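Novice: Sequence and predicted model, in that order:
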Amino acid sequence: MTKPQVVFLHGVGLDHRMWIPTIDELGDQFDFVAPDLLGHGSAEPAPSGVTLGDLAEAASVTIERKSHLVGFSLGALVAQHLARYRPELVATLTSVNSVCRRTDEERASVLSRLDTAASEYGASVEASLTRWYEGTDTDPEWIRWTESTLRANDVDSYINCYRVFATADAEIAPELSQITVPALAITGEDDPGSTPDMTYRLAEAIPDCRAIVVAGARHMLPVQCPREFAKYLVNFVGENSDA
């Protein structure tokens, strides 16, 4: 019997390796695909003016059969785009630490972070590490991995993709009601950027979507709490294995 296929889409500035802790917890019950998004890792650089649609199209070529899409942060926006416009590829949609319909204040905050990344990339990296991990008991090796991965980025590609992350929730928001697959929105209780309020907004916007908020977790939920995250994912995919 063919195993369900799970496709993992990482966040901005990271690469496919962020999913290793989760995949280790999931074992051999699924087939996994974890590409590097355009502008990240081993993928081609992201050009100026790159769009959410461009990122989704590049990711789509790695999906060979109907799959359970799991997107983190920027990857969640990519997964939502695929669920809306390429539903033949998508069995379920899991949005992990996703933004949704930012308020004016939230948009101003992320645009400020974009400006900082463009002018002081090193300071931007330090600020990201603080937002993502401060006060957690995450394995220090993974915090070091995160820092080294961020610092190794092609800065222009990063800025181009971060601009998508900062703006594309407004683009996809009017389309969320057209997503027809079963969906899960999950974030950390203490995530200051992809907040619980955003996860509840996402669950309200997508017709068949539930919201989960994980106590004590910040932004890097799949790295900080892989066992708990894997448990929720197994349950959700299992409930919708024929979706």
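Specialist: Received the coordinates, thanks.

Novice: quick one, what contacts the residue nearest the centre of the chain?
Specialist: Centroid check for the chain by C-alpha atoms, centre = their mean gives Phe72 as the closest residue, at 1.4 Å. By C-beta atoms under 8 Å, 6 or more residues apart in numbering, the contact set of Phe72 is Phe8, Leu9, His10, Gly11, Met18, Val96, Asn97, Ser98, Leu221, Pro222. Using the backbone N, CA and C atoms, a C-beta is placed for each residue, glycine as well.

Novice: Give me the spatial nearest neighbour of Val234, chain neighbours excluded.
Specialist: Leaving aside its sequence neighbours, Val234 sits nearest to Leu26 (C-beta to C-beta, 6 or more residues apart in numbering; 6.9 Å).

Novice: Give me the neighbour count for the one you found.
Specialist: A count of nearby residues for Leu26, using other C-beta atoms under 10 Å, gives 19.

Novice: from what I can see it touches Lys231, true?
Specialist: No. Assessed by C-beta atoms under 8 Å, Leu26 is found out of contact with Lys231, at 9.8 Å.

Novice: which outside residues touch the longest helix along the chain?
Specialist: The longest helix of the chain (DSSP state H) is helix 155-172. Contacts to helix 155-172, defined as C-beta under 8 Å, 6+ apart, come from residues 12-13, 37-40, 45-52, 55, 73-74, 77, 80-81, 84, 99-102, 107, 110-111, 113-114, 117-118, 121.

Novice: just the helices in the chain please.
Specialist: Counting by DSSP H, the helices of the chain are 20-26, 52-60, 74-85, 104-119, 121-133, 140-151, 155-172, 196-205, 221-224, 226-239.
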